[in-house]
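Trainee: Structure here, sequence nowhere to be found:
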């Protein structure tokens, strides 16, 4: 079951914050976040595991609410380099590890 | 260190033909997954291999198949190509089965005419 991402698109000014949400109807083992720039491969940002552990790096962090099967990606003080399409990928408890089901993506545009 | 290498980068095929795409994972990575990316359907899971065994398969017809070799390199094959198979095919590798992130290759852009 494909997770639902919201919003579909975001336009920000440099320095502003953004939150991207990912929601699944299935029990999840993990949530991955990736960023893809136009014409490039998706790049791994972070993984969230059952237990609600919050992981992040630099000014990008994320959380995972396993009771609600929801994850949120937080981008603070956005930079021009943050522009791209963000995908969440979910691993369901019922399936073997290694199968990621991706959301439809959230397009983020950061303007000067 | 070298990333995930996919060959060829671009491919144009005619309907009815078959095609084989190749993926060389990062050295030491044993899990290899394949995804199809299209503007309409987004990123869709095809299959995943670990230690030469297919552990997961997505909802694609039997025309889509794959395999993994003992050196972890993987190939996917699409037989009897259809126009709708035109897409970017991405390969991703991971260290092991388990909660690790995936490193994607740059993909093979397949166009079926």
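Mentor: Structure received. These figures come from a predicted structure and were not determined experimentally.
Trainee: what residues does chain B put near chain A?
Mentor: Residues of chain B found near chain A (Cβ under 8 Å from any Cβ of the partner chain) are B:4, B:31, B:33, B:35, B:42-45, B:48, B:50, B:55-56, B:58, B:90, B:94, B:97-107. (C-beta placed from N, C-alpha, C; glycine too.)
Trainee: Across the sheet, point out what pairs with the residue nearest to residue A:70 when sequence neighbours are not counted.
Mentor: Nearest non-adjacent residue to residue A:70, counting by Cβ to Cβ, 6 or more residues apart in numbering or on different chains: residue A:23, 4.8 Å away. For residue A:23, the beta-bridge partners are residue A:4, residue A:70 (DSSP bridges).
Trainee: circling back: could you identify the buried members of the residues of chain B next to chain A?
Mentor: Buried by 16 or more other Cβ atoms under 10 Å in any protein chain shown: B:4, B:31, B:33, B:35, B:42-45, B:48, B:50, B:55-56, B:58, B:90, B:94, B:100-107, out of the residues of chain B next to chain A.
Trainee: got a list of what the closest residue to residue B:26 other than its chain neighbours touches?
Mentor: Closest residue to residue B:26 apart from its sequence neighbours, by Cβ to Cβ, 6+ apart: residue B:93 at 5.3 Å. Counting by Cβ atoms under 8 Å, 6 or more residues apart in numbering or on different chains, residue B:93 makes contact with B:4, B:23, B:25, B:26, B:29, B:31, B:32, B:33, B:72, B:102, B:103.
Trainee: Specify the beta-bridge partners of residue B:93.
Mentor: residue B:32, residue B:103.
Trainee: again with residue B:78
Mentor: Here residue B:78, judged by DSSP bridges, has bridge partners residue B:19, residue B:64.
Trainee: okay, now it: neighbour count?
Mentor: Neighbour count of residue B:78, defined by other Cβ atoms under 10 Å in any protein chain shown: 25.
Trainee: And it, how close does it get to chain A?
Mentor: Per Cβ to the nearest Cβ, to the nearest Å, residue B:78 is found 20 Å from chain A.
Trainee: measure stretch A:11-25 end to end?
Mentor: Distance across stretch A:11-25, first residue to last, is 28 Å (Cα to Cα, to the nearest Å).
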